[in-house]
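[1] give the three-dimensional model of this entry:
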Amino acid sequence: MNIDYLVSIVIPTFNRANLISETLDSVLAQDYTNWECIVVDDGSVDHTEALLTSYCKKDSRFKYIKRPKDRPQGGNAARNFGFEHSKGEFVQWFDDDDIMEENYLSERLAVFTKEKKIVICSGYSTDENLNIINEIILKTDVNLYKEYALWKFEIYTPSILFRRVFLENKPFNETIIRGQETELFTRFFFLLNPKDYIVINTPLFYYRSHTKSKTETSQKYNKVYKENLFFISKSNFDRALELEDLDLIYFYYKLLIKQFFRSVDNTHNSNAQKIIKFLIKRLNNKNLFLKLKLMLFSRIYLLLKKGNILKKHLRNHKISI
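    Okay, the predicted model is just below:
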């Protein structure tokens, strides 16, 4: 293995002084030693600063910086700010409560040939106490964009090691606060050819799930979150049309229709209006229908039968198009 390559590990953090030590200790334990670890504080008010100062004194490979006040609060801006301060040829974003196996870096660097832009590994999904819930199983021969966009390929922020040049001018989207990894990954994966990536089905990290908070969040209708979801869905619908992929077109058409009705049911009329205008604009394109095959027509027909109540919803909720 060539140890000349510097790997930049970028970790955003917010009030996780009680957990981040485990994460940083797993960084220290790496059998590949040419790394820098940049921890970006997103405005913590606990003892994160004191803790990180001690780690920086212990090992100069750790760097502790704070998100500037003129950058938006949230993980996206913190990740981008850390990336801007990084120097490595390879970049690994990581979360402040997850854990690396000691060969987390070395296993993927070993297969990172010159033509590869990313290497993806599997991991373990755990509970809050790092008890393993399940091993994430990945197919190694995969159409990366399609499988991920169809929610059939389970990867997370720690899964991907990036070659730096692939990331230039394509950072995390700082205008969204929900689904940021999905937005980033679908945008990147769409640009890749099979020769650009490799998947190794070897679990190299522990992904900690905070079940209670996620469940509570998912049960609430948050307008900003739903607007972010629409942004991601419409982007992938357009990519599906560009690829002329029937599975993707149907998946995102159905998802957008579902988002429309949820918006209406929750009196989120501005979002409902945006969704229906977007779909009408896309589906009014006659050339689109000429490209679609009978399978897609039959699928959409069932949805359009249900969609006959759209006008009623629009009238009842005074949504103009």
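[2] so how many other residues sit close to Arg208?
    Arg208 sits with 21 neighbouring residues when counted by other CB atoms under 10 Å. The way it works is simple: take the backbone N, C-alpha and C, and place the C-beta from them, glycine included.
[3] would you confirm that it contacts Asp97?
    Yes: judged on CB atoms under 8 Å, Arg208 makes contact with Asp97 at a distance of 4.8 Å.
[4] could you tell me which residues touch both of these two?
    By CB atoms under 8 Å, 6 or more residues apart in numbering, Arg208 and Asp97 have these common neighbours: Leu19.
[5] any regions of the stretch 201-321 of the chain where pLDDT drops low?
    211-219, 285-321 (pLDDT under 70).
[6] run through the strands of it in chain order.
    Assigned strands in the stretch 201-321 of the chain: none (criterion: DSSP state E, counting those that start in this stretch).
[7] and the gap between Leu256 and Asn143?
    22 Å (CB to CB, to the nearest Å).
[8] those two: who's more crowded?
    A side-by-side neighbour count of Leu256 and Asn143, using other CB under 10 Å, places Leu256 first with 20 against 15.
[9] would you list every one of the strands in the stretch 51-200 of the chain?
    62-66, 90-93, 99-100, 118-126, 132-135, 160-163, 197-208.
[10] turn those into a markdown table, including distance to Asn76.
    Output for these, formatted as a markdown table (distance: least, CB to CB, whole Å):
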| stretch | distance to Asn76 |
| --- | --- |
| strand 62-66 | 16 |
| strand 90-93 | 11 |
| strand 99-100 | 22 |
| strand 118-126 | 19 |
| strand 132-135 | 27 |
| strand 160-163 | 16 |
| strand 197-208 | 19 |
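[11] mind checking which of the ones you listed is nearest Asn271?
    Closest to Asn271 of those, according to CB to CB: strand 90-93, at 29.1 Å.
[12] contacts for that closest one, please.
    Residues contacting strand 90-93 (CB under 8 Å, 6+ apart): 5-11, 79, 83, 105, 109, 112, 157-158, 160-164, 167.
[13] just the C-alphas of it, formatted as CSV.
    Written as CSV, here are the backbone C-alpha positions of strand 90-93 (Å, rounded to 0.1, in the frame of the first residue of the first chain):
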residue,chain,number,x,y,z
PHE,A,90,-8.8,11.5,-0.8
VAL,A,91,-11.7,12.8,1.2
GLN,A,92,-13.8,11.0,3.8
TRP,A,93,-16.8,12.6,5.3
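[14] show me what contacts the most centrally placed residue in the chain?
    The C-alpha lying nearest the average C-alpha coordinate of the chain belongs to Glu181 (CA atoms, centre = their mean; 1.3 Å). Counting by CB under 8 Å, 6+ apart, Glu181 touches Tyr156, Thr157.
[15] pLDDT below threshold where in the stretch 1-150 of the chain?
    Applying pLDDT under 70 to the stretch 1-150 of the chain flags residues 1-3.
[16] apply 50 and report the result again.
    The stretch 1-150 of the chain contains residues with pLDDT under 50 at 1.
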